[in-house]
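Chemist: I'll drop the sequence and a predicted model, then ask my questions.
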Amino acid sequence: MQLGYTVWTWMSQEHNNWERNQNPKIAFEQALREISHLGYQTVENFNWFADYYMENPQEVVDVCGKYGLKFVNLYHYLTPNWQEDQDKGLAYCKFSQKVGAKYMNLQMQVWKDQPYNRPTDREAIEVYAKKATILGKMAKEYGLTLCVHPHANTPVFTMEQIEMLLEMTDPATVSLCLDTGHVTLSGGNAVEAMERYIDRTAYVHLKDVDPDESAHPEWPMKRFQALGQGCVDFQGVFQVLRKHSFEGVVCVELDYQRVCNYESAQYSRMYLKNVIGI
């Protein structure tokens, strides 16, 4: 297993409506310096990060190499504009190949209005399965594994919905990024989900969840926490990963920080070292 961290939060201002940092390259290097110091090995970032380096992808390779890190995953997400999603997907696949990435996460379109939890919409999942298949074939041409990321406030969130999407897609084209935080937030069990979907899981997101289901009704994703601060059974998750000799990336992520990005990354790293043993 390779241990990674996703660093988009260094490049966005959490307390300013997620405005992007005015000096994105400086923020990116700060993130690399900090996660490298903590002992992480790989890096993931959102797709728009690539826009700052599109003319010279070698910059990414060089600055990651400076800190002994590998850039492995670009996180793509769908919007109401499917043609644009495909066009950007192609550009990001080409960019990913140039920086040596091996994965591309794919998130369905997020809704921001309540109700956040909505009934399963099989027709919507069928549409997204077709889109994932198209992008998965595209990614494969550039040496990437497309990993659908089940996510809150999207049609692919619960274990039932994950099951449907996997049934509608070909394992040779579409893999899974299982996120311990999102599957727990949906009411699922992260250990059970990991065991059930391990054969389709190529990439893993690690985040913890506040067990208080009444917390943050205005935006439930604020319940996410650094590893070891919530209710996710990470020892059970890693038992499954080790049992199946998982060789991919386990990538820590945290959307909202208790203090700052470094403190969150440090807390999770110490938990992984002292409790999980990696």
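Modeler: Perfect, I can see it now.
Chemist: can I assume residue 263 is in contact with residue 257?
Modeler: Yes. Judged on C-beta atoms under 8 Å, residue 263 makes contact with residue 257 at a distance of 7.0 Å. Backbone N, C-alpha and C define where each C-beta goes, glycine included.
Chemist: Quick check on the two: which one has the bigger neighbour count.
Modeler: The neighbour count for residue 263 versus residue 257, taken as other C-beta atoms under 10 Å, is higher for residue 257 (15 against 12).
Chemist: As a check, name the ranges of all strands in the stretch 51-200 of the chain.
Modeler: For the stretch 51-200 of the chain, the strands defined by DSSP state E, counting those that start in this stretch cover 70-77, 103-107, 145-148, 174-179.
Chemist: any idea whether the most centrally placed residue in the chain is helix, strand or coil?
Modeler: When C-alpha atoms, centre = their mean is applied to the chain, the residue found nearest the centroid is residue 205 (5.3 Å). Here residue 205 is strand, with the state taken from DSSP: H, G, I helix; E, B strand; the rest coil.
Chemist: Contact partners for it?
Modeler: The contact partners of residue 205, by C-beta atoms under 8 Å, 6 or more residues apart in numbering, come to 6, 149, 177, 178, 179, 180, 181, 182, 251, 252, 253.
Chemist: Dump the strands of the stretch 51-200 of the chain into CSV; add distance to residue 48, mean pLDDT and mean neighbour count as well.
Modeler: CSV is the format used below for the strands of the stretch 51-200 of the chain (distance: least, C-beta to C-beta, whole Å; pLDDT from 0 to 100; neighbours: other C-beta atoms under 10 Å):
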stretch, distance to residue 48, mean pLDDT, mean neighbour count
strand 70-77, 9, 97, 22
strand 103-107, 13, 98, 25
strand 145-148, 18, 98, 25
strand 174-179, 18, 98, 26
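Chemist: quick check: longest helix of the chain.
Modeler: Assignment by DSSP state H gives helix 122-141 as the longest helix of the chain.
Chemist: what's next to that one, contact-wise?
Modeler: With contacts defined as C-beta under 8 Å, 6+ apart, helix 122-141 is touched by 76, 78, 82, 85-86, 89-90, 93, 104, 106, 108, 145-146, 148, 155-156, 161, 164-165, 168-170, 173-174.
Chemist: swap in stretch 90-105?
Modeler: Counting by C-beta under 8 Å, 6+ apart, 44, 47, 50, 53-54, 57-58, 60-61, 64, 70-76, 89, 135, 138-139, 141-149, 177, 202-203, 248-249 sit against stretch 90-105.
Chemist: Please identify the buried residues of it?
Modeler: 92, 93, 95, 96, 97, 98, 99, 101, 102, 103, 104, 105 (16 or more other C-beta atoms under 10 Å).
Chemist: Which pair of those residues spans the longest distance?
Modeler: Greatest spacing in the buried residues of stretch 90-105, by C-beta to C-beta: 98 and 105 (18.0 Å).
Chemist: Please enumerate the helices of the protein.
Modeler: In the chain, the helices defined using DSSP H lie at 24-38, 58-66, 82-99, 122-141, 159-167, 180-185, 190-197, 234-243, 261-271.
Chemist: and the angle from the longest helix of the chain to helix 82-99?
Modeler: If you take axes from the mean of the first three to the mean of the last three C-alpha atoms, to 10 degrees, helix 122-141 sits at 30 degrees to helix 82-99.
Chemist: All set, thanks.
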